[in-house]
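Visitor: my questions concern the predicted model and sequence given below.
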Amino acid sequence: MGFRQFVAIIAAMMATNALAIDSMLPALPAIGEALGIASDNQRQWIITAYLLGFGAAQIIYGPLADRFGRRPVLLTGLAIYVVGSLLASLTGHFETMLLARIVQGIGAASTRVLVVSIVRDCYSGRKMAQVMSLSFIVFLAVPIIAPSIGQLIVLFAPWRWIFLFLALFGAILALWASLRLPETLHPQDRLPISPRQILRAFSLALSNRVAVGYMLAMTSLLGSLFGFINSSQQVFVDTFQAPGLFTTIFALIAVAMAVASLLNAKLVGRFGTRRISHTALLGYIAFAVAHAALALAGHEELWSFAVLQAGMMFCFGLTGPNFGSMAMEPLGHIAGTASSVQGFVTTVGGALIGFAIGQQFDGTTVPLMLGFAVCGVLSLALVLIAESGRLFRPHHGS
């Protein structure tokens, strides 16, 4: 496989998760009506169920890929993703939809875990960084365009076609991988599945103060992000009566986060991860508190919501990647297992926090903005615990 095709398939794998979440947001009202969901807030389970499956399954794919190889585990995961998507497209019951979304998330988790492993098997150093950078551009672009893809589908077809589109995407990716992606883990490098070693690595990953502090801080921030995703469609329809602007403003907010993520790569080398992320976290809290105050005062307008939300997501883009990096920093000797543990905790924990925030939606933006503010302050408290009460201090070159 050539370099360009390798980058393309890695980028497609990275796109799988965002497509499964963001493309169906415009269809939530139609899905709720078709499945007889009594409460608008209950529709948020369709997002949360996927995230729970996606987060929980990350804990198992790493050891399986190290034992059986990357290819069979990836193809199995994509097959599960396709089955979940097809089941979601066919169901007429809310409970079955939630089961389908959990299955879909379990399948998508394989791509999340295996991307870095496959790239690391094939490349190292600057070449590995180049592959990840090029793929990351696609990863950032997908949340920008995915809601528009979903909106375009429901303009011309029933909402079920969104899930058929996701099934087709997963099937094409599986076929592409089966035909063109070779096994990247040499047989002599395969590791037996040892429950004792796995539990020991889990214990190490969950006992380091810095790693746990930043992992939980990231969980809190992800919770606010998932809260926004859960209730964003309701905010535009019920609060601002502007459903036609949903995909456009959602895309602009996603652009702010993408720009920050790209800018972060340049700033970190000069200022370090701690200075960048700690400053951005304080900015995040400032935006959240200002936004909550505006909402509580009853002066929230669509333009102010878009601007302040974009500001928060810009700060999130400077915070999230660095928190993940600093959480992994002390655990390099068990990087694979630590990554799985942190993926599990941040995604499942964030999904539950986000669901709790989303369930408070009352037709205004007040619960969402208070959720952002509380999550930001909680994240700051966890960072202070991780750093023994001091912000901005350099540590091991970061």
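Guide: That came through, no problem. In this text, all values refer to a predicted model and were calculated from it rather than measured experimentally.
Visitor: where does the prediction get shaky in the chain?
Guide: 125-126, 129, 133, 332-336, 394-398 (pLDDT under 70).
Visitor: how is it divided into domains?
Guide: 1-193, 194-398 (automatic domain parsing).
Visitor: would JSON lines of those with mean neighbour count be doable?
Guide: (Each C-beta comes from the backbone N, C-alpha and C, glycine too.) Below are these laid out as JSON lines (neighbours: other Cβ atoms under 10 Å):
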{"stretch": "domain 1-193", "mean neighbour count": "19"}
{"stretch": "domain 194-398", "mean neighbour count": "19"}
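Visitor: where is the longest helix in the chain?
Guide: helix 125-156 (DSSP state H).
Visitor: tell me which other helices or strands that helix touches.
Guide: Packing partners of helix 125-156 (3 or more Cβ pairs under 8 Å, 6 or more residues apart in numbering; DSSP states H and E): helix 3-22, helix 94-122, helix 160-180, helix 246-271.
Visitor: now distance to residue 70 too, for the ones you listed, in JSON lines please.
Guide: Listed next are those as JSON lines, based on distance: least, Cβ to Cβ, whole Å:
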{"stretch": "helix 3-22", "distance to residue 70": "11"}
{"stretch": "helix 94-122", "distance to residue 70": "5"}
{"stretch": "helix 160-180", "distance to residue 70": "10"}
{"stretch": "helix 246-271", "distance to residue 70": "26"}
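Visitor: what about these, which gets the closest to residue 358?
Guide: helix 3-22 (13.3 Å; Cβ to Cβ).
Visitor: just checking, residue 101 touches residue 88?
Guide: Yes - the criterion here is Cβ atoms under 8 Å, and residue 101 meets it with residue 88 at 6.3 Å.
Visitor: re the thing from before, and of the helices and strands packed on helix 125-156, who's closest to residue 203?
Guide: That would be helix 94-122 among these, by Cβ to Cβ, at 20.1 Å.
Visitor: got the angle between the closest one and helix 3-22?
Guide: Angle, helix 94-122 to helix 3-22, by axes from the mean of the first three to the mean of the last three Cα atoms, to 10 degrees: 160 degrees.
Visitor: what separates helix 94-122 from the chain centre, distance-wise?
Guide: 11 Å (Cα atoms, centre = their mean, to the nearest Å).
Visitor: elements contacting that helix?
Guide: Partner elements for helix 94-122 (3+ Cβ pairs under 8 Å, 6+ apart): helix 3-22, helix 45-68, helix 70-90, helix 125-156, helix 335-358.
Visitor: mind doing that once more with 7 Å?
Guide: helix 3-22, helix 45-68, helix 70-90, helix 125-156 (3 or more Cβ pairs under 7 Å, 6 or more residues apart in numbering; DSSP states H and E).
Visitor: could you dump the ones you listed to JSON lines with distance to residue 106?
Guide: Converted to JSON lines, these look like this (distance: least, Cβ to Cβ, whole Å):
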{"stretch": "helix 3-22", "distance to residue 106": "11"}
{"stretch": "helix 45-68", "distance to residue 106": "4"}
{"stretch": "helix 70-90", "distance to residue 106": "6"}
{"stretch": "helix 125-156", "distance to residue 106": "20"}
